[in-house]
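Colleague: Here is a sequence with its predicted model. Questions after.
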Amino acid sequence: QQQVKQSPQSLIVQKGGISIINCAYENTAFDYFPWYQQFPGKGPALLIAIRPDVSEKKEGRFTISFNKSAKQFSLHIMDSQPGDSATYFCAASSTGNTPLVFGKGTRLSVIA
Amino acid sequence: GAGVSQTPSNKVTEKGKYVELRCDPISGHTALYWYRQSLGQGPEFLIYFQGTGAADDSGLPNDRFFAVRPEGSVSTLKIQRTERGDSAVYLCASSSNGRQETQYFGPGTRLLVL
């Protein structure tokens, strides 16, 4: 049972373009939705996170859009750069001592 | 200060052997987590410590896996009678307090069971 479904599995974007990664969840108790970035040979690093009381959160070139009714959230990377090439994971958890559940990841390649 | 460190960075062992993986969390972080990441997959939760105690070990796959954190800082993940299916990257993370605080990950230990 996959609690967080992530798509696409891989993504190629031109430099300067917009990268969009989507996640869907089933558990309506989830109330914390972080995105992690992972470079080869490194551990994941928190990029940005959102809670369901807002529909959008922006930090620099990175934006999370959240649709509570559809149980979906997405990561948008504006003006994508080659240095953004990495694997991105969405995750979710609920308040009350529950573990983070990760999606399977999206491998992003930004080409010049 | 320093981030989360893990040792060894790579471990090759034979099926049936015992291994220990070490995690040094960020100083002062009370919460510590172990995850397992298989190739092409997201991290999969194993166990969560709050201080010295295991607050949630629901992710440990079977009784061959065990983890300790005796002084509330360094943690050791122990795997007995290793199997080829245990091959994965074992990630450790720490956070200042609870689970919905930012989790800072170490670089992982790559375990290969031959």
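Modeller: Nice, thanks for sending it over. Numbering: from 1, shown residues only, chains lettered A, B, ... in the order given.

Colleague: use CA for all of it now, contacts and neighbours both
Modeller: Noted.

Colleague: Check which residues of the helix-or-strand element of chain B with minimal mean pLDDT are buried.
Modeller: Ranking every helix and strand in chain B by mean pLDDT, DSSP states H and E puts strand B:53-56 at the bottom, with a mean of 93. Neighbour counts over strand B:53-56 (16 or more other CA atoms under 10 Å in any protein chain shown) mark B:Ala54, B:Asp56 as buried.

Colleague: Can you name the residues that contact A:Gly105?
Modeller: With CA atoms under 8 Å, 6 or more residues apart in numbering or on different chains as the criterion, the residues that contact A:Gly105 are A:Gln6, A:Ser7, A:Gln9, A:Thr87, A:Tyr88, A:Phe89, A:Cys90, B:Gly40, B:Gln41, B:Gly42.

Colleague: quick one: it and A:Gln6, what's the gap?
Modeller: Distance of A:Gly105 to A:Gln6, given as CA to CA, to the nearest Å: 7 Å.

Colleague: what residues do the two have in common as contacts?
Modeller: Counting by CA under 8 Å, 6+ apart, the residues touching both A:Gly105 and A:Gln6 are A:Phe89, A:Cys90.

Colleague: any idea where the strands of the chain begin and end?
Modeller: In the absence of a named chain, this looks at chain A. For chain A, the strands defined by DSSP state E occupy A:4-7, A:10-14, A:19-25, A:33-38, A:45-50, A:56-59, A:62-67, A:72-77, A:86-92, A:101-102, A:106-111.

Colleague: my bad, chain B
Modeller: Using DSSP E, the strands of chain B run over B:5-7, B:10-13, B:19-24, B:31-37, B:44-50, B:53-56, B:65-68, B:75-79, B:88-95, B:104-105, B:109-113.

Colleague: what comes into contact with the fifth one?
Modeller: So the one you mean is strand B:44-50. A:99-102, B:30-37, B:54-61, B:67, B:69, B:72, B:97-98.

Colleague: Selecting buried members of these in PyMOL, what would you type?
Modeller: To isolate the buried members of those in PyMOL, using 16+ other CA under 10 Å:
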select buried, (chain A and resi 99+100+101+102) or (chain B and resi 30+31+32+33+34+35+36+37+54+56+57+59+60+67+69+72+97+98)
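
Colleague: shaky segments in the chain?
Modeller: Unless you meant another one, I'm taking chain A. Within chain A, the segments meeting pLDDT under 70 span A:1-2, A:97.

Colleague: my bad, the chain I had in mind was chain B
Modeller: Along chain B, segments meeting pLDDT under 70 span B:1.

Colleague: Tell me the residues of it that contact chain A?
Modeller: B:40-45, B:91, B:98-100, B:102-108 (CA under 8 Å from any CA of the partner chain).

Colleague: ok, now with 6 Å
Modeller: Within chain B, the positions near chain A by CA under 6 Å from any CA of the partner chain are B:Gln41, B:Gly42, B:Phe105, B:Gly106, B:Pro107.
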